[in-house]
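**Student:** The following block contains a protein sequence and its predicted model.
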Amino acid sequence: MDRASTSPSTASAAGGISRRQVLLGGLALVGGTVLGPALTSCSPSPSATGTPVRYWHPLSGGDGITMADLVESINDEHGFAAEQTVLTWGTPYYTKLAMASAGGRAPDVAVMHASRIPGYAPGGLLDPWDTDLLAELGVTEADFPAAVWEKGIVDGKLYSLALDSHPFILMYNTDVAEQAGALGDDGLLQDITSPEEFLDVARRMQEVTGKHGVSYGYLGDGAQMWRLFYTLYLQMGAEMTLDGDTVSLDEQAAVTALEFMTQMLDGTVAASTGDYGTAVAEFLNGESGMFLTGVWELPTLAASGMAFDARTIPTLYGTDAVYGDSHAFVLPHQDDPDEEQRRETYRFVSEILKGSIVWAGAGHIPAYQPIVESPAYDDLLPQAHYADATANLNYDPEAWFSGSGSDFQGYFAENIQNVLLGQTDPAVGLRGFVDRLNSILAKPNPVTGT
Amino acid sequence: MSTEVARGEVALSKTAHAAERPGSAARRSRDNRAGLAFAAPFLALFLAFLVWPIAHGVYLSFTGQTLTGAGGSWVGLSNYTEAFADPVMWRSLANTALFTVMSTVPLVLVALAMALLVNLGIPGQWLWRLSFFMPFLLASTVVALFWTWMYNPQLGLVNWLLAPLGIDPVAWLQDERWAMTAVVVTTLWWTVGFNFLLYLAALQNIPEQQYEAAAIDGAGPWRQLFSITIPQLGPTTVLIVILQVIASLKVFDQIYMMTNGGPNGVTRPVVQYIFEAGFTGYRFGYSAAISYVFFALIIVVSLVQLRITARRSA
């Protein structure tokens, strides 16, 4: 490289034009670059009739591999040519899906979290399912747990059709549990019925591992913080709703739940500063006995060959309840849907539901009950050990801004992380969260415009 | 996008110079037509992707437009009054300002120091030049990913390096006290190479005779640095500061990926708030209004900068 090539065009610009011009140019440039991307909208490519079923989902990692296998086998067996588009889970996925639906030229079918439906269906971003056509294909209300089916209903119409439910669960290392004397006669984890008992079991496991008793990653991860908090909160029989002008919640119960979480994150029972990835690594390496996570972590653990089992989160406060959500099929809004294509889409979805024993392999509990009731599912371990979680499954409080991967969980993280790090008082953190939610509830709902 | 605009400016000013050449009126108008023809492709893109969105954004900011199409009616100034009363907007503006100050100063000083060191004539100059500049070539996603790992409180390289010094593990990106600093350090490592290159080029353009003359007059290396090198680098410093302030005010990528604005909103820049208001909060009208509040503040900053530099060069 000689000297000339090391001085790019900007250097010659400085010599060729005056500083004032550079500044004015810079001014125009700032305006353009800052505002341009924020205000221009993008639209998806137009649809053409007779194309393969276009299927969007946010499933990656172990989930993504299982879903790809399922789509491929259904394509082969039933003569579909479904094309899956996998987008990054969380905000990137949901903004793209909303934009595609707002433009009216969306994919034929997509997977959403059932908890996100209130932010999509009332605004016309989704088209309702035709239950008659579903019944014709052998998919009826009777095939789903009541709570899971009803979650898809908005204003009397079915907007989402659940593929699964995926609760927050407790996994445990059976070797560690045995050495800690925490296994029952049936070889399963002993019954745990109070916070003290949970901490006691964890401390005994810590003595075995020498590092921690429980793995729980939460740093920078509002979803993880919310999942455990909401589970504990609901177990006290408390409720939370967002359908009024302000948040309705039981402050005492919420503070108790947060206090228990900080007690657990003492550096011995559980690492005081752990993120999600670290928690997985810790449990995998036998450095803890229990692991608070979602069912989706199952394939990773199974692949490692370690001895582990899983169960629903023990009821620590008297009321059986766990946080969970469902992956659900939705029909993103199309201005001018092709009847044939829609029918093909229904057929595709019904085949996925009927083949969802494969999906159970990824840890999720299939929503389509004929699968769960089949003998093949009973043989699937440890999945069958937590299938009872569906009965006590609780979705996020309903609001246009709540649900998995939503801003709601971000607000929770913003206010609660410091509580878990021991830097803020639980009541203060909770107040901040409630205030944030109240300020959103005070503004018009942008989904319906009311 | 920024370099295209900059090049466009250069092209326009060159055609302007061409038109000033002595010649007949017919010649001049032919030159003008040719000039316009050359500028047309740029102008078309400029109108479609800059002027139109800016104008449409002004309109949007006076409506209650949302993503779902609900509430598209005229609401007057209410988005602006809401924005001025919105503590989150002010906090995110303050975060952007803080990031700009915290990043611009080291990005100028460290770049200068690196350029001076490389320019000393140490062997293997190409290697230094390459290693200092290389991070700039990385995508923001790559930079964010591996710095996030390095900052990991349990497994990260940074805490591992600090442990022998007796420093307890720090949750760099999750601790309110450190998150912004951690993001600034990442940004410094990532982008300092560009400023370094500009400085190095400018250093190599300072005539050797000036140093010779100074040496004959008995000036030592430090005297030469402060009396020749730094004054001669003045125009480059102005350019770097302007480019750097612009780049820092736009900050979004690395923060979005490393902290997503957290913990407790201490790193959320205003651009992220604009994104959140519009695309996850669905409120395009309100989002546009915040954009223009931010735009107005940038104009103020630019005018102040213009004033200061104009006075200095006068």
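**Tutor:** Received the coordinates, thanks. Numbering: from 1, shown residues only, chains lettered A, B, ... in the order given.

**Student:** and residue A:98, what does it touch?
**Tutor:** Taking Cβ atoms under 8 Å, 6 or more residues apart in numbering or on different chains as the criterion, residue A:98 is in contact with A:120, A:125, B:67-68, B:279, B:282. All C-beta atoms are positioned from the backbone trio N, CA, C, and that covers glycine.

**Student:** how about these in TSV, adding pLDDT, secondary structure and distance to residue A:208?
**Tutor:** TSV is the format used below for those (pLDDT from 0 to 100; DSSP: H, G, I helix; E, B strand; the rest coil; distance: Cβ to Cβ, whole Å):
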residue	pLDDT	secondary structure	distance to residue A:208
A:120	90	coil	47
A:125	91	coil	51
B:67	83	coil	52
B:68	79	coil	54
B:279	88	helix	48
B:282	87	coil	50
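
**Student:** ok, those vs residue A:52, which is closest?
**Tutor:** Comparing the contacts of residue A:98 against residue A:52 with Cβ to Cβ picks out residue A:125 as the nearest, at 22.8 Å.

**Student:** quick revisit: output the contacts of residue A:98 in a markdown table; the columns should cover neighbour count and distance to residue A:412.
**Tutor:** Output for the contacts of residue A:98, formatted as a markdown table (neighbours: other Cβ atoms under 10 Å in any protein chain shown; distance: Cβ to Cβ, whole Å):
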| residue | neighbour count | distance to residue A:412 |
| --- | --- | --- |
| A:120 | 25 | 21 |
| A:125 | 27 | 24 |
| B:67 | 23 | 23 |
| B:68 | 24 | 24 |
| B:279 | 21 | 20 |
| B:282 | 26 | 20 |
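
**Student:** What count of nearby residues applies to residue 144?
**Tutor:** Went with chain A since none was named. Residue A:144 has 23 neighbours, counted by other Cβ atoms under 10 Å in any protein chain shown.

**Student:** Hmm, no, I was thinking of chain B.
**Tutor:** Residue B:144: 21 surrounding residues under other Cβ under 10 Å.

**Student:** again with residue B:168
**Tutor:** 7.

**Student:** Could you do residue A:78 as well?
**Tutor:** Residue A:78 has 14 neighbouring residues, counting by other Cβ under 10 Å.

**Student:** domain assignment for chain A?
**Tutor:** Split into domains by automatic domain parsing, chain A comes to A:54-163+A:326-391, A:168-324+A:406-441.

**Student:** the bottom helix or strand of chain A by mean pLDDT?
**Tutor:** Taking mean pLDDT, DSSP states H and E as the measure, helix A:3-6 is the helix or strand of chain A with the lowest mean score, a mean of 36.

**Student:** What is the nearest of the contacts of residue A:98 to residue A:245?
**Tutor:** Nearest to residue A:245 out of these is residue B:282 (Cβ to Cβ; 19.3 Å).

**Student:** tell me which residues of stretch B:191-209 are tucked away?
**Tutor:** By neighbour count on 16 or more other Cβ atoms under 10 Å in any protein chain shown, the buried set for stretch B:191-209 is B:191-203.

**Student:** what comes into contact with that stretch?
**Tutor:** Stretch B:191-209 has contacts (Cβ under 8 Å, 6+ apart) with A:3, A:6-8, A:10-11, B:106-108, B:110-112, B:114-116, B:118-119, B:129, B:132-136, B:228-229, B:232-233, B:235-236, B:239-240, B:243-244, B:247.

**Student:** ok, residue A:307 to residue A:378 distance?
**Tutor:** 21 Å (Cβ to Cβ, to the nearest Å).

**Student:** scratch that, residue A:197
**Tutor:** Distance, residue A:197 to residue A:378, by Cβ to Cβ: 29 Å.

**Student:** How about residue B:253?
**Tutor:** Distance, residue B:253 to residue A:378, by Cβ to Cβ: 49 Å.

**Student:** same deal with residue B:254?
**Tutor:** Separation of residue B:254 from residue A:378 (Cβ to Cβ) stands at 49 Å.

**Student:** Looking at the two, which has the bigger crowd around it?
**Tutor:** In this view residue B:254 and residue A:378 are compared by other Cβ under 10 Å, and residue B:254 has more residues nearby, 21 against 12.

**Student:** what does the helix or strand in which that one is found contact?
**Tutor:** In the assignment (DSSP states H and E), residue B:254 maps to helix B:253-258. Residues outside helix B:253-258 that contact it (Cβ under 8 Å, 6+ apart): B:99, B:140-141, B:143-145, B:147-148, B:151, B:173, B:182-183, B:186-187, B:190, B:261, B:267-269, B:272, B:275.

**Student:** Looking at these, which are in helices?
**Tutor:** Among these, the members falling in helices (DSSP state H) are B:99, B:140-141, B:143-145, B:147-148, B:182-183, B:186-187, B:190, B:272, B:275.

**Student:** Just the buried ones out of those, please.
**Tutor:** Using 16+ other Cβ under 10 Å, the buried members of the ones in helices among the contacts of helix B:253-258 are B:99, B:140, B:143-144, B:147-148, B:182-183, B:186-187, B:190, B:272, B:275.

**Student:** Now do the contacts for the closest residue to residue B:58 other than its chain neighbours.
**Tutor:** Nearest in space to residue B:58, with sequence neighbours left out and distances taken as Cβ to Cβ, 6 or more residues apart in numbering or on different chains, is residue B:292 at 6.7 Å. Contact partners of residue B:292, counting by Cβ under 8 Å, 6+ apart, are A:35, B:57-58, B:61, B:80.

**Student:** switch to 10 Å and redo it
**Tutor:** By Cβ atoms under 10 Å, 6 or more residues apart in numbering or on different chains, residue B:292 lies in contact with A:31, A:35, B:54, B:57-58, B:60-62, B:79-80, B:83.

**Student:** Specify the residue ranges that define each domain of chain B.
**Tutor:** Per automatic domain parsing, the structural domains of chain B span B:1-60, B:75-313.

**Student:** Please identify the deepest-packed of the ones you listed.
**Tutor:** Neighbour counts (mean count of other Cβ atoms under 10 Å in any protein chain shown) averaged over each of the domains of chain B peak at domain B:75-313, with a mean of 18.

**Student:** Now do it: distance to the chain's middle.
**Tutor:** Chain-centre distance of domain B:75-313: 7 Å, with Cα atoms, centre = their mean, to the nearest Å.

**Student:** In terms of helices and strands, where is the nearest residue to residue B:171 once chain neighbours are set aside?
**Tutor:** The shortest distance from residue B:171 to any non-neighbouring residue, by Cβ to Cβ, 6+ apart, is to residue B:153 (4.1 Å). Using DSSP H and E, residue B:153 sits within no helix or strand.

**Student:** Would you check how far apart the one residue sitting closest to the centre of chain A and residue A:67 are?
**Tutor:** Centroid-nearest residue in chain A: residue A:404, 4.3 Å away (criterion: Cα atoms, centre = their mean). Residue A:404 is 17 Å from residue A:67, where distance means Cβ to Cβ.

**Student:** Name the SS class of residue B:170, please.
**Tutor:** Under DSSP: H, G, I helix; E, B strand; the rest coil, the three-state class of residue B:170 is coil.

**Student:** ok, now how distant is the closest residue to it other than its chain neighbours from residue B:149?
**Tutor:** Once flanking residues are discounted, residue B:170 sits nearest to residue B:178: 6.0 Å by Cβ to Cβ, 6+ apart. Counting by Cβ to Cβ, the gap from residue B:178 to residue B:149 is 16 Å.
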